[in-house]
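Chemist: Coordinates for the following, if possible.
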Amino acid sequence: MTDHEDRREPLGLWQYVTYFVLVAVTIGVTFIFFPSIPGHIPQYYSFTSQSTQYIEKSVIAVLVVPMIQLVIALLFLGIAWGTNRASRITLGSVMFWLGLAIMLLVSAAQFTMIGLFHS
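Modeler: Residues are numbered from 1 along each chain as shown. Here you go, the predicted model:
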């Protein structure tokens, strides 16, 4: 087996921890700003960026996005792990970074929803 044939590198512990730290930070920031979240949270938006439906503020309502983020984390870590095990190329690292980018976008959406970026 030559060096070119086997380039697999297992995901490091820091890569697993990074995803879960990001989920924990999203949940933490959500609870820090929970008292200042309006009583009604926009749920759907039209093409003109106007909210068309609202939901009542509750712990479950504000934790929906972090739970989706957790599912994304598990999905992408599983894909990266499985790709590294089954493949002879380093796709696991690509999947890690793609998943991290998607999770950062989800965090930004959550922070926008709770009003962190509003003036």
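
Chemist: Just give me the residue right at the centre of the chain.
Modeler: Geometric centre of the chain, nearest residue: M103, 2.6 Å, by C-alpha atoms, centre = their mean.

Chemist: List the contacts of that one.
Modeler: Contacts for M103 (C-beta atoms under 8 Å, 6 or more residues apart in numbering) come out as Y19, L22, V23, Q69, I72, A73, F76. Heads up, the C-betas are built off the backbone N, CA and C, glycines and all.

Chemist: if I look at it, how far off is A109?
Modeler: 11 Å (C-beta to C-beta, to the nearest Å).

Chemist: How about V25?
Modeler: Applying C-beta to C-beta to V25 and A109 gives a distance of 14 Å.

Chemist: thinking again about what came up before, what kind of secondary structure is the residue nearest to the centre of the chain in?
Modeler: Of the three states, M103 takes helix under DSSP: H, G, I helix; E, B strand; the rest coil.

Chemist: mind listing the helices for this structure?
Modeler: Here the chain has its helices, by DSSP state H, at 13-32, 59-86, 91-113.

Chemist: where are the low-confidence patches of this structure?
Modeler: 1-11, 84-93, 116-119 (pLDDT under 70).

Chemist: Export only the CA atoms of stretch 45-64, formatted as CSV.
Modeler: C-alpha atoms of stretch 45-64 as CSV (Å, rounded to 0.1, in the frame of the first residue of the first chain):
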residue,chain,number,x,y,z
TYR,A,45,-41.8,34.7,6.3
SER,A,46,-43.2,35.8,2.9
PHE,A,47,-41.0,36.6,-0.1
THR,A,48,-41.0,40.2,1.0
SER,A,49,-39.4,39.3,4.3
GLN,A,50,-42.6,40.0,6.3
SER,A,51,-43.6,37.6,9.0
THR,A,52,-46.8,35.8,8.1
GLN,A,53,-47.3,33.7,11.1
TYR,A,54,-46.2,33.9,14.8
ILE,A,55,-45.9,31.4,17.6
GLU,A,56,-46.1,32.0,21.4
LYS,A,57,-42.7,32.3,23.1
SER,A,58,-41.9,29.1,25.0
VAL,A,59,-38.8,27.1,25.9
ILE,A,60,-39.8,24.5,23.3
ALA,A,61,-40.3,27.1,20.6
VAL,A,62,-36.9,28.6,21.1
LEU,A,63,-35.2,25.2,21.3
VAL,A,64,-36.5,23.9,18.0
